[in-house]
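Asker: I would like to see how this sequence folds:
(chains A and B)
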Amino acid sequence: KQEVTQIPAALSVPEGENLVLNCSFTDSAIYNLQWFRQDPGKGLTSLLLIQSSQREQTSGRLNASLDKSSGRSTLYIAASQPGDSATYLCAVRGSETSGSRLTFGEGTQLTVNP
Amino acid sequence: DAGVIQSPRHEVTEMGQEVTLRCKPISGHNSLFWYRQTMMRGLELLIYFNNNVPIDDSGMPEDRFSAKMPNASFSTLKIQPSEPRDSAVYFCASSPSRRAAEAFFGQGTRLTVV
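Answerer: Numbers count the residues shown, from 1 in each chain, chains lettered A, B, ... in the order given. Next up is the predicted model:
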């Protein structure tokens, strides 16, 4: 059974800092890994999608990496802003042999202080 | 496209009543997921459909929960009878059925059972 772990559970940083969120998964048989953002009381917004054959994806100040063999992904946020405050979730899409389910980590709650 | 549409956004019901949550996936998407989110357990996959067929319902907590997808543009999640412990935010997500496709989430239905 796929298990996804995110570290740290919560992070508080001053505005302008660069930061890294970590995600690890136990079964490397995945199709892709997706990073989401969730604001309080809201739905999930997709930030970045990395296919299993890719090493990284970038969107603006966000950069996500994937090391499938070691079961790790990182989300790097450059020059953080108060508007980045949210919960960040990673999810892995299992291969067909594992049902193609999307399994989530518990999330990292990020607070960027002005 | 309007994205994944869920209704209602909020539902308050009394214990023992039947509750029906609705989801309209993005047009052309063949995979549909129902998730439940609580503070204690995070995001849990309840059931996953591909081409309107339930592929994995191992996450459905008990017989009180049932889900249907009568056509490609509509799915329901029903709880009968509802209990206070069912209180949570229920999310629907859809993706194209091709491998490694990105998943998109609706805004969720916040269910409160009193």
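Asker: pLDDT (mean, whole number) over stretch B:21-40?
Answerer: Across stretch B:21-40, the average pLDDT comes to 94.
Asker: Return the helix or strand in the chain with minimum mean pLDDT.
Answerer: No chain specified, so I'll use chain A. In chain A, the helix or strand scored least confidently by mean pLDDT, DSSP states H and E is strand A:102-104, which has a mean of 90.
Asker: Let me rephrase: I mean chain B.
Answerer: None of the helices or strands of chain B scores lower by mean pLDDT, DSSP H and E than strand B:53-56, at a mean of 88.
Asker: So for that one, what gets flagged as buried?
Answerer: Residues B:55, B:56 are the ones in strand B:53-56 that count as buried (16 or more other CB atoms under 10 Å in any protein chain shown). (C-beta placed from N, C-alpha, C; glycine too.)
Asker: Other residues contacting that strand?
Answerer: A:99, A:100, A:101, B:45, B:47, B:48, B:49, B:67, B:69 (CB atoms under 8 Å, 6 or more residues apart in numbering or on different chains).
Asker: what's the span of stretch A:94-107 from first residue to last?
Answerer: End-to-end span of stretch A:94-107 (CA to CA, to the nearest Å): 18 Å.
Asker: and the least confident helix or strand of chain A, how far from the chain's centre?
Answerer: Distance of strand A:102-104 from the chain centroid (CA atoms, centre = their mean, to the nearest Å) equals 11 Å.
Asker: Can you name the next helix or strand after that strand?
Answerer: Helices and strands here follow DSSP states H and E; after strand A:102-104, the next one along the chain is strand A:108-113.
Asker: quick check, distance from that next one to the centre of its chain.
Answerer: 14 Å.
Asker: Also stretch A:86-100?
Answerer: Distance, stretch centre to chain centre, for stretch A:86-100: 10 Å (CA atoms, centre = their mean).
Asker: Next: stretch A:68-78.
Answerer: The chain centre lies 8 Å from the centre of stretch A:68-78; the measure is CA atoms, centre = their mean.
Asker: before we move on, what about stretch A:93-113?
Answerer: Centre-to-centre, stretch A:93-113 and its host chain are 7 Å apart (CA atoms, centre = their mean).
Asker: Over to stretch B:69-87?
Answerer: Taking CA atoms, centre = their mean, one finds the center of stretch B:69-87 at 6 Å from the center of the full chain.
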